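Asker: what would the 3D arrangement of this be:
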Amino acid sequence: MLLTILADTHVTTAKRSRAQDLPAIVWDSIKESDAVIHAGDVVEAYLLEAIAKIVPVHAVLGNNDTGLTLPERLELQFEQVKLAVLHESGPRKGRPERLRKQFPDAQVVVYGHSHIPDLQTFEGLLIMNPGSCTDRRREPKFSFGRLAIEGASIRPYIVRF
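Answerer: Below you'll find the model as predicted:
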């Protein structure tokens, strides 16, 4: 099973927006995937609708998602892997401990908000922020995540472009 992991896409039809669509490399990943996880700041529902025409999409509410009806957190299972999703994970200091406490049964927690890619493991918990594929801010490259799951085995990737 392959998941495309997104956050902070901020895709909007507004002419002055930074992103009116996802980059082609991201659409290619979505087409190869079994599902998409979006960790918030979608901004407009049409992006989720477009993704859902290709594969199932699971998304949470971000701080810029006004007008969207999405949960603040999700807990999902793919094969034997329990995965949690939220947008804001709080300050960097203490993040791994906080996420382990909030999601004691999860093997993976995906978060967004910072636009900074993050891939770390803490006490058996994989913590992943895909960064942003449309708004890199101070990061040198755009990024998104991919998560390969086979049974209980997890292989995470951050794709930078």
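
Asker: wait, isn't Val77 in contact with Leu83?
Answerer: No Val there; residue 77 is Gln. Yes - here Gln77 reaches Leu83: they are 7.1 Å apart, a contact under CB atoms under 8 Å. In this view, the C-beta of every residue, glycine as well, is placed from N, C-alpha and C.

Asker: where does Leu74 land in three-state SS?
Answerer: When classified by DSSP: H, G, I helix; E, B strand; the rest coil, Leu74 comes out as strand.

Asker: how many neighbours does Gln77 have?
Answerer: Gln77: 12 surrounding residues under other CB atoms under 10 Å.

Asker: so what's it bridging to?
Answerer: Beta bridges link Gln77 to Lys82, judged by DSSP bridges.

Asker: quick one: contacts for Phe142?
Answerer: Contact partners of Phe142, counting by CB atoms under 8 Å, 6 or more residues apart in numbering, are Pro23, Gly131, Ser132, Cys133, Thr134, Arg136, Arg160, Phe161.

Asker: what about the fourth one, is that helix, strand or coil?
Answerer: What that stands for is Cys133. coil.

Asker: and the pLDDT at it?
Answerer: Cys133 carries a pLDDT value of 98.

Asker: please report phi then psi for it.
Answerer: Main-chain dihedrals, Cys133, degrees, to the nearest 10: phi -90, psi 0.

Asker: not counting residues beside it along the chain, what's closest to it?
Answerer: Nearest non-adjacent residue to Cys133, counting by CB to CB, 6 or more residues apart in numbering: Phe144, 4.4 Å away.

Asker: check which helix or strand covers the one you found.
Answerer: In the assignment (DSSP states H and E), Phe144 maps to strand 143-150.
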